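Peer 1: quick check, what structure comes out for this input:
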Amino acid sequence: MKLNEKVKKLPETSGVYLMKDKDGNVIYIGKSKCLKNRVSQYFTPSYAPSKKITKMISFINDIEIITTDTELDALILECRLIKKIKPMYNTLMNNDKRYAYIKVNIDKEYPDIECTLQKIDDNLYFGPYTSLSKLEEIVNILRKYFKIRSCNGYMKQKGCINYDLGFCIAPCKFNDKKSYNFFIEKLINTLNGKDYSIINDLNKKMQEATKALNFEKAIKYRNDIESIKTIIHKSEAINYIKENKTILAKVNIDGFKSKLYILNGIEVFYSKLVKNEKLKDNNLKNELSKHINKSLNSNKKIYKNYIKKEELDMSNIIYSYLNYSKDCNYIKIDELNIDHSIKVICR
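Peer 2: Below you'll find the predicted structure:
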């Protein structure tokens, strides 16, 4: 069957697609909530991808698809297949990304913040994050907002321009460790995903700039907000994998069917496709209860300081889907709320 005919007959369901060259080698793996729409896009004349994607399209000789029950299944399968097969174009695109960390030098008298490509000591590290250049921009935003010093920490006789501009409280000049450490603590809580006040403050400034018709400033605040949200989201995904909680989730498929999941952090411990009319069935609830107890009693992996990139990728996928997909409801489970959790999810 010719490639264009094959594309026309693709199903409008979620799944994973594998692009192959003339020798049958998988050169790219992708996923979609609607396979037909996504794959067809590659061959649409108006499609304007990057140079790498354009070159990749010229090598496509065949497409294999794997349909899935849900978008979550597709996301997880794509991640696993890329890790296993390592297709050329997935690898090339990832090679554009340099992974880096935000480092808070708490061993200094007046701690500061910087970007680094590796962990080399016992200071505080947050990440890893993609795109070193983007991370440096975000660190500058954080440094100015929290008034963190960018100098060597020694008092300058001729004053400090960052202090004059309101970007630093000049702890070296005023020897005010208490105030400075307050800002350092706020910074650390933000990077840990525990303090969102910076988002609220920047939102307020953006609205004020918009009212004053200072649209250039408003756009800058908006971009700063999106950058900070990216960092906080990554921190939340890291916290998710470290907590490694047992989670019961339900994904609505089409109004008639749902898929139930029991997750141990980034591992799918159990899943089942059910008709919605069967959700309140006692046999199903008993089955869920049995598997939840098994999950709670299983030997879960303990994540300490080092998390592999592949684990972080999977954590980001699952955490994002659980929290941002309109089709998904979930609840964290412990030994005391099993029955209640099942009732909430299966109603």
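Peer 1: C-alpha only now, for contacts and for neighbours.
Peer 2: OK.
Peer 1: for whichever helix in the chain runs longest, packing partners?
Peer 2: As assigned by DSSP state H, the longest helix anywhere in the chain is helix 215-243. On a contact count with 3 or more Cα pairs under 8 Å, 6 or more residues apart in numbering; DSSP states H and E, helix 215-243 meets strand 124-129, helix 132-145, helix 177-191, helix 197-211, helix 309-324.
Peer 1: out of those, deepest packed?
Peer 2: strand 124-129 (a mean of 19; mean count of other Cα atoms under 10 Å).
Peer 1: tell me what that one is packed against?
Peer 2: By 3+ Cα pairs under 8 Å, 6+ apart, strand 124-129 packs against strand 100-104, helix 215-243.
Peer 1: what sits against residue 333?
Peer 2: 245, 246, 247, 248, 341 (Cα atoms under 8 Å, 6 or more residues apart in numbering).
Peer 1: now it: phi and psi?
Peer 2: phi -120, psi 140 (degrees, to the nearest 10).
Peer 1: could you check how far it is from residue 236?
Peer 2: 18 Å (Cα to Cα, to the nearest Å).
Peer 1: that older thread, how far does the longest helix of the chain sit from its chain's centre?
Peer 2: 10 Å (Cα atoms, centre = their mean, to the nearest Å).
Peer 1: which positions within that helix qualify as buried?
Peer 2: 217-218, 221-222, 224-225, 227-229, 231-242 (16 or more other Cα atoms under 10 Å).
Peer 1: ok, back up a step: and the contacts of residue 333 as CSV, adding neighbour count?
Peer 2: Output for the contacts of residue 333, formatted as CSV (neighbours: other Cα atoms under 10 Å):
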residue, neighbour count
245, 19
246, 23
247, 22
248, 25
341, 19
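Peer 1: check those and tell me the two furthest apart.
Peer 2: Within the contacts of residue 333, 245 and 341 form the most distant pair, 13.6 Å apart (Cα to Cα).
Peer 1: which neighbours do these two have in common?
Peer 2: With Cα under 8 Å, 6+ apart as the test, residue 245 and residue 341 both reach 332, 333.
Peer 1: lowest pLDDT pick from the contacts of residue 333?
Peer 2: The weakest per-residue confidence within the contacts of residue 333 falls on residue 245 (85).
Peer 1: mind checking the SS state of residue 260?
Peer 2: strand (DSSP: H, G, I helix; E, B strand; the rest coil).
Peer 1: count of neighbours near it?
Peer 2: 22 (other Cα atoms under 10 Å).
Peer 1: quick check: closest non-adjacent residue to it.
Peer 2: residue 250 (4.6 Å; Cα to Cα, 6 or more residues apart in numbering).
Peer 1: would you confirm that that neighbour contacts residue 262?
Peer 2: No - counting by Cα atoms under 8 Å, residue 262 is not a contact partner of residue 250; they are 9.1 Å apart.
Peer 1: circling back: okay, the helices and strands packed on strand 124-129 in TSV with distance to residue 198 and mean pLDDT next?
Peer 2: Converted to TSV, these look like this (distance: least, Cα to Cα, whole Å; pLDDT from 0 to 100):
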stretch	distance to residue 198	mean pLDDT
strand 100-104	17	90
helix 215-243	8	88
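Peer 1: those: which one's closest to residue 9?
Peer 2: helix 215-243 (37.1 Å).
Peer 1: and the end-to-end length of stretch 119-137?
Peer 2: 20 Å.
Peer 1: scratch that, stretch 244-264
Peer 2: From start residue to end residue, stretch 244-264 stretches across 6 Å - Cα to Cα.
Peer 1: quick check on residue 269: phi, psi?
Peer 2: phi -80, psi -30.
Peer 1: OK, contacts around it?
Peer 2: Residue 269 touches 261, 262, 263, 295, counting by Cα under 8 Å, 6+ apart.
Peer 1: I'd say the third one and residue 291 touch.
Peer 2: No - counting by Cα under 8 Å, no contact exists between residue 263 and residue 291, whose distance comes to 10.5 Å.
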